[in-house]
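Participant: Need the 3D shape of this:
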Amino acid sequence: MALSLNWFTETAFGRALYSPFQAIIRGARRVAHPGLPNDHAVVRTKYGAREFEIVVRRWNASDRMAIDQCFTEAQYDVPSGAHGEHAAQLYRAILASGKTPLIVDCGANIGASVLWFSARYPEAHIVAVEPAPDNFALLRRNCAGVNADLRCAGIGAQDGVARLSEKFGGEMGYRVSQHEGQHSNGVEVAVLSLETLMAGKPPSVYTPFLLKVDIEGAEKSLFTGPAAVLDQFPIIIMEPHDWMLPGQQTSVEFFRFHAAAGREFSMKNENVVSIAHHPTLAHCTVIPPPTSPKP
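Facilitator: Numbering: from 1, shown residues only. Below you'll find the model as predicted:
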């Protein structure tokens, strides 16, 4: 039976076996990655020809899960077929117009999604929003040199302040609450509206392309904001959290916005994809789903 690395640190016998080699292992780590804390590690991954070294917390499964979801599962790639072709056409059209495609990543965590977007859409400019200071520290380190504007803040319908709640499911599960009296012992963070973020990205330079939303239930607030600002993004990828917060209807405002705007709907893994209707969609190539062989 294979042993997990945690076995060596969480059991007395494992620690006894590990102790003689600990100094050697730590020394090798310092040589390979000078300045990297011992409780951090480097995960190597790639997208196409681009390779990345992403710093994670050594014993943190959620950091590695985020990398796997972005690079192995490609959860933020627009589904193949007509909608995927349409997204590619939109991206090329923005570039042909002389503008820079704008991606806003709400809930950027340690930066795996930012790095994936930078590889998938290399000419895009990314605004990455992450409220948790510990996640943001890794985000800033991992995304150094990337064409990205990094904001340590939450996202909501209006500017303000909020507090971080306890983590639901590790460092991927920080929640932000703007309700007075809730989570009063949490770290206070700034909350920025999408309108404020967009105000710093002049339309003479940038054209909205993709909005990614994974904000642990705060989508209920975000999608009560001005529909015109949201609808600027032809592609919105949102992870719903009704499963995590049953009875709170956290996805209702998203679907109200989606339906009122007359947008098309698709899905990719745990995400829903809202795509602005465009006449060219009718002319995109439709790839039929695979059919099971007849018995």
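Participant: Count the residues that sit near residue 205.
Facilitator: By the measure other C-beta atoms under 10 Å, the count of residues near residue 205 is 11. Where C-beta positions appear, they are placed from N, C-alpha and C, glycine not excepted.
Participant: do the one 10 residues further on as well
Facilitator: Neighbour count of residue 215, defined by other C-beta under 10 Å: 25.
Participant: Ignoring the adjacent residues along the chain, who's closest to it?
Facilitator: Take residue 215 and drop its neighbours on the chain: the residue closest to it by C-beta to C-beta, 6 or more residues apart in numbering is residue 107, 4.5 Å away.
Participant: Ok, residue 226 next?
Facilitator: Nearest residue to residue 226 in three dimensions, chain neighbours excluded: residue 195, at 6.3 Å (C-beta to C-beta, 6+ apart).
Participant: before we move on, which element is that neighbour in?
Facilitator: Secondary-structure element containing residue 195, defined by DSSP states H and E: helix 194-199.
Participant: Count residues in the vicinity of the residue nearest to residue 215, would you?
Facilitator: One way to gauge burial is a neighbour count; for residue 107, by other C-beta under 10 Å, it gives 25.
Participant: again with residue 210
Facilitator: Residue 210 sits with 25 neighbouring residues when counted by other C-beta under 10 Å.
Participant: Tell me how far it lies from residue 134.
Facilitator: Using C-beta to C-beta, to the nearest Å, one gets 26 Å for the distance from residue 210 to residue 134.
Participant: Pull the contacting residues for residue 136.
Facilitator: Counting by C-beta atoms under 8 Å, 6 or more residues apart in numbering, residue 136 makes contact with 130, 150, 152.
Participant: Among those, find me the one that's closest to residue 204.
Facilitator: residue 150 (22.8 Å; C-beta to C-beta).
Participant: What strand or helix carries residue 257?
Facilitator: In this structure, residue 257 sits in helix 252-260 according to DSSP H and E.
Participant: Which neighbouring elements make contact with that helix?
Facilitator: helix 219-222, helix 227-230, strand 271-275 (3 or more C-beta pairs under 8 Å, 6 or more residues apart in numbering; DSSP states H and E).
Participant: Pairing partners for the last one, with directions?
Facilitator: Taking DSSP bridges as the criterion, strand 271-275 sits next to strand 235-238 (antiparallel), strand 264-268 (antiparallel) in its sheet.
Participant: What's opposite residue 104 in the beta bridge?
Facilitator: In this structure, residue 104 has the following beta-bridge partners (DSSP bridges): residue 127, residue 211.
Participant: That one and residue 246, how far apart?
Facilitator: Counting by C-beta to C-beta, the gap from residue 104 to residue 246 is 28 Å.
Participant: Looking at these two, which one has more neighbours?
Facilitator: Each of residue 104 and residue 246 has its neighbours counted (other C-beta under 10 Å); residue 104 has more, 26 against 9.
Participant: could you measure residue 146 against residue 219, distance?
Facilitator: From residue 146 across to residue 219, the span is 25 Å (C-beta to C-beta).
Participant: residues touching residue 100, list them.
Facilitator: Residue 100 makes contacts with 94, 123-125, 205-207, as judged by C-beta under 8 Å, 6+ apart.
Participant: redo that, cut-off 10 Å
Facilitator: Contacts here follow C-beta atoms under 10 Å, 6 or more residues apart in numbering; on that basis residue 100 touches 94, 123-125, 147, 201, 205-207, 209.
Participant: So what does it have for phi and psi?
Facilitator: Its backbone dihedrals place residue 100 at phi -100, psi 120, with angles given as degrees, to the nearest 10.
Participant: Who does it form a beta bridge with?
Facilitator: According to DSSP bridges, the residues that bridge with residue 100 are residue 206.
Participant: right, and the residue nearest to residue 226 touches residue 159 too?
Facilitator: Yes - using C-beta atoms under 10 Å, residue 195 is in contact with residue 159, at 8.5 Å.
Participant: Pick out whichever of the two has more residues nearby.
Facilitator: When residue 195 and residue 159 are compared for neighbours, residue 195 comes out ahead with 15 against 12, by other C-beta under 10 Å.
Participant: mind checking how far the more buried one is from residue 101?
Facilitator: Counting by C-beta to C-beta, the gap between residue 195 and residue 101 amounts to 19 Å.
Participant: With residue 65 instead?
Facilitator: Taking C-beta to C-beta, one finds residue 65 at 28 Å from residue 101.
Participant: related to what we said a few turns ago, comparing residue 146 and residue 219, which shows the higher neighbour count?
Facilitator: With neighbours defined as other C-beta under 10 Å, residue 146 and residue 219 compare such that residue 219 has more, 24 against 18.
Participant: that older thread, between residue 65 and residue 101, point out the one with more neighbours.
Facilitator: Relative neighbour count places residue 101 above the other of residue 65 and residue 101, with 22 against 18, counting by other C-beta under 10 Å.
Participant: Thank you kindly, that will do.
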